[in-house]
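Peer 1: predicted model and sequence below, questions to follow.
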Amino acid sequence: MEEMVFATFLKLLKETWNEVISEADLIQLLYDGVTKPAELVNNCGDDIWIKKSTANNVFKRTNGGNVRRDIRVAANDPRVVVSIQGYFQKNIVNHILPSRKADLVGSLRRTIEKDDAVQDKKRRHNAPDTGSVATKSASVERVAGQIQTYR
């Protein structure tokens, strides 16, 4: 069974990237879309950076491979919500191989359709609720729509 989780999205995105990019750099690009507008910093007041080992754990879905809680919370910050579409277009969509955009969208949709947790949640709830698997599905569908729009 495939699951629509952050690691799945990362792997699919990395496969369609227009140049070689490390796992840490790809995650950092996604993190920056949240941390910069939310002005989120680490305990020392410095920018948040993902370590190579943590990035590897995220991709492999092993212990210590979770998205930082503060980033998950900051993703709902109004400054992030307002800026994320432009950031995503400039820093993510523009780096996807044009010939692979349709493949990425198709892969995202198939993964969502195969994810029992998403499908069960969709059957129980017509409208996504905050923090739910249905919200994740709706978010990925919006991303897929953006990618298709910018082909």
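Peer 2: Sure, I can see it. Because the structure is a prediction, the values reported are computed rather than measured.

Peer 1: run a quick neighbour tally on Val20.
Peer 2: Using other CB atoms under 10 Å, Val20 has 7 neighbouring residues. The way it works is simple: take the backbone N, C-alpha and C, and place the C-beta from them, glycine included.

Peer 1: that one and Asp116, how far apart?
Peer 2: For Val20, the distance to Asp116 equals 34 Å [CB to CB, to the nearest Å].

Peer 1: what ranges do the helices span in the chain?
Peer 2: Using DSSP state H, the helices of the chain run over residues 6-16, 23-38, 52-60, 69-74, 78-91, 101-114, 116-124, 133-149.

Peer 1: could you report the pLDDT at the most far-flung residue of the chain relative to its centre?
Peer 2: Largest separation from the mean C-alpha position in the chain: Cys44, at 26.0 Å (CA atoms, centre = their mean). Cys44 carries a pLDDT value of 95.

Peer 1: need the nearest residue in space to Thr16, chain neighbours excluded.
Peer 2: Excluding the flanking residues, the one nearest Thr16 by CB to CB, 6 or more residues apart in numbering is Arg100, at 3.9 Å.

Peer 1: and that neighbour, how many neighbours?
Peer 2: The number of residues packed near Arg100 is 16, by other CB under 10 Å.

Peer 1: can you check Ala38 too?
Peer 2: By the measure other CB under 10 Å, the count of residues near Ala38 is 20.

Peer 1: OK, contacts around it?
Peer 2: Contact partners of Ala38, counting by CB atoms under 8 Å, 6 or more residues apart in numbering, are Ala74, Asp77, Arg79, Val80.

Peer 1: I'd say Glu3 and Ala117 touch.
Peer 2: Yes: counting by CB atoms under 8 Å, Ala117 is a contact partner of Glu3 at 6.9 Å.

Peer 1: if I look at Arg69, how far off is Asp32?
Peer 2: As judged by CB to CB, Arg69 and Asp32 stand 17 Å apart.

Peer 1: higher neighbour count, these two?
Peer 2: Asp32 (16 against 8).

Peer 1: what about that one, distance to Trp17?
Peer 2: Distance, Asp32 to Trp17, using CB to CB: 16 Å.

Peer 1: likewise for Arg68?
Peer 2: Noted for Arg68: a distance of 22 Å to Trp17, by CB to CB.

Peer 1: pLDDT weak spots in the protein?
Peer 2: For the chain, residues meeting the criterion pLDDT under 70 lie at 1, 121-151.
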